[in-house]
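Q: no FASTA, just this:
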């Protein structure tokens, strides 16, 4: 897992968004290291509206960080 | 889905707000890829006050990012 | 609804706070488009302490954005 | 209520903190306008650990805004 | 309580972190002024995983503010 | 515990992420000082999807701070 996040730079906002999702997921992976447990928990949130919203909140926070890191992809401004 | 977010730039704060809603929704779409499940979950949050408030929180975080990306639409300052 | 948010600029922090409330409410309106449902849900949060606190959190996030947009109303500093 | 928030400037961080509390409370007041209802709800959160923590989160967000508005009270740095 | 927060400046990130904890706790103290009630509520959160996580979120928000106030302790960069 | 956080500087975003996890965990440690209680609570969150998401949110907030402290690891931009 050592080099899973070499940079926050992405080419586009869309790729930055995908990176935000990756950062959100990695927290779960690093807190619950057992893949079998994570698989078992998946329906608990993937089929629960409030859990999905909570996941969205985490992604939004990471997206804010990534957007700042990319100067909001200022070339497109 | 590749190019769904080419830029964070919008013409007005109102359009930036709509983009924030889009970003919030996309997280759910990317976490729960099955449209049938998402449709089934919709009443769970759309008819639940606390869920709607939680959605609002996610939108607020994305709106902050988009507002910064647009220099708070400084022309209107 | 097209031009409901032409600017984030307000004359005073107090007006900025009211705008933050408006932004928080608009998320609910745009997520649950049916006014009858929203009216039905109103007591669910307006008479529930935790819901009111959750609403406050959304307002606080929007207020942060609006305050930044107004350079924290720097004339008054 | 018109001029309840003329400025975000405070003399010290401690006064800024008190202002953050005021901003958090005002959201509840403006969302639930009926003082009798608010009084009835008070024990629901004031005697509930999770509610108190949730209130703290709102205060923390407002404090961040106020601290930025005061340049983190840079004179004291 | 008047001068409990004279400055956000700390010598190190570790001291800044402790100050963040203090700021988080002070919110509870100022919202629930009765020490006996607070003592009674302590096991409700100190022995509850979700409450402890919620406390952590508040601390994280305050730490962000304090870190900014200290220019992220830039001497150590 | 005195010098557990001498700096927010890390060599890479990945190391910054690990530091964010450390900051999130330290809050729990400092709020619930009894290691036996913490061990007992571990399955409560490590095997609960919503708790894991809540932990992720705390990590995301700390990561934002650390990223800013490292100028978003600008060398890699």
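A: Yep, that arrived. All values reported here derive from a predicted model rather than from experimental measurement. Numbering: from 1, shown residues only, chains lettered A, B, ... in the order given.

Q: low-confidence ranges in chain A?
A: Judged by pLDDT under 70, chain A has its weakly predicted residues at A:1-2, A:75-77.

Q: and the longest helix for chain A?
A: helix A:49-69 (DSSP state H).

Q: Check which helices and strands that helix sits against.
A: helix A:13-31, helix A:35-46, helix B:13-31, helix B:35-46, helix B:49-69, helix F:49-69 (3 or more C-beta pairs under 8 Å, 6 or more residues apart in numbering or on different chains; DSSP states H and E). Using the backbone N, CA and C atoms, a C-beta is placed for each residue, glycine as well.

Q: now it: how far from the chain's centre is it?
A: Distance of helix A:49-69 from its chain centroid, counting by C-alpha atoms, centre = their mean, to the nearest Å, is 7 Å.

Q: got it, and stretch A:17-31?
A: Using C-alpha atoms, centre = their mean, the distance between the centre of stretch A:17-31 and that of its chain works out at 4 Å.

Q: Can you list the buried residues in that stretch?
A: A:17-21, A:23-31 (16 or more other C-beta atoms under 10 Å in any protein chain shown).

Q: Chain C contacts on chain A?
A: By the rule C-beta under 8 Å from any C-beta of the partner chain, no part of chain A lies against chain C.

Q: can you list the residues of chain A near chain E?
A: Residues of chain A lying near chain E (C-beta under 8 Å from any C-beta): none found.

Q: Spatially central residue in chain A, please.
A: Central residue of chain A (C-alpha atoms, centre = their mean): residue A:21, 2.3 Å from the mean position.

Q: Just to check, that residue is in contact with residue A:58?
A: No - Residue A:21 is beyond contact range of residue A:58, at 9.2 Å (criterion: C-beta atoms under 8 Å).

Q: Reformat the helices and strands packed on helix A:49-69 as TSV; add distance to residue D:3.
A: Shown next, in TSV, are these (distance: least, C-beta to C-beta, whole Å):
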stretch	distance to residue D:3
helix A:13-31	40
helix A:35-46	46
helix B:13-31	25
helix B:35-46	38
helix B:49-69	26
helix F:49-69	34
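
Q: that older thread, wait, which of the buried residues of stretch A:17-31 is closest to chain F?
A: Nearest to chain F out of the buried residues of stretch A:17-31 is residue A:27 (C-beta to the nearest C-beta; 3.7 Å).

Q: Am I right that that closest one is in contact with residue F:61?
A: No - using C-beta under 8 Å, residue A:27 is not in contact with residue F:61, being 11.1 Å away.

Q: Quickly check: stretch A:18-27 near chain B or not.
A: Yes - Stretch A:18-27 reaches chain B (C-beta under 8 Å from any C-beta) through A:18, A:21.

Q: contacts for stretch A:47-60?
A: A:17, A:20-21, A:24, A:27, A:44-46, B:23-24, B:27-28, B:31-32, B:37, B:41-42, B:44-45, B:48, B:50-51, B:54-55, B:57-58, B:61-62, B:65, F:49-50, F:53-54, F:56-57, F:60 (C-beta atoms under 8 Å, 6 or more residues apart in numbering or on different chains).

Q: Please indicate which of those residues are buried?
A: A:17, A:20-21, A:24, A:27, A:45-46, B:23-24, B:27-28, B:31-32, B:41, B:45, B:48, B:50-51, B:54-55, B:57-58, B:61-62, B:65, F:49-50, F:53-54, F:56-57, F:60.

Q: Enumerate every residue touching residue A:18.
A: Residue A:18 touches A:10, B:30, counting by C-beta under 8 Å, 6+ apart.

Q: Chain D versus that one, what's the distance?
A: For residue A:18, the distance to chain D equals 27 Å [C-beta to the nearest C-beta, to the nearest Å].

Q: same question, residue A:48
A: 19 Å.

Q: same thing with residue A:32?
A: 23 Å.

Q: give the contact list for the residue nearest to that residue when sequence neighbours are not counted.
A: Closest residue to residue A:32 apart from its sequence neighbours, by C-beta to C-beta, 6 or more residues apart in numbering or on different chains: residue F:46 at 5.0 Å. Each residue near residue F:46 by C-beta under 8 Å, 6+ apart is listed here: A:31, A:32, A:37, F:52.

Q: Run the chain-centre distance for stretch A:11-27.
A: So, by C-alpha atoms, centre = their mean, the centroid of stretch A:11-27 is 5 Å from its chain's centroid.

Q: on that earlier part again, find residues that contact each of residue A:21 and residue A:58.
A: By C-beta under 8 Å, 6+ apart, no residue touches both residue A:21 and residue A:58.

Q: thinking again about what came up before, angle of the longest helix of chain A against helix A:13-31?
A: Interaxial angle of helix A:49-69 relative to helix A:13-31 (axes from the mean of the first three to the mean of the last three C-alpha atoms, to 10 degrees): 120 degrees.

Q: how far off helix B:35-46 does helix A:49-69 point, in degrees?
A: 100 degrees.

Q: coming back round to it: of all the contacts of residue F:46, which comes closest to chain C?
A: Distances from chain C to the contacts of residue F:46, taken by C-beta to the nearest C-beta, are shortest for residue F:52, at 20.6 Å.

Q: The closest one: neighbouring residues, count only.
A: When neighbours are counted by other C-beta atoms under 10 Å in any protein chain shown, residue F:52 registers 25.

Q: Having no further points to raise, I will conclude here.
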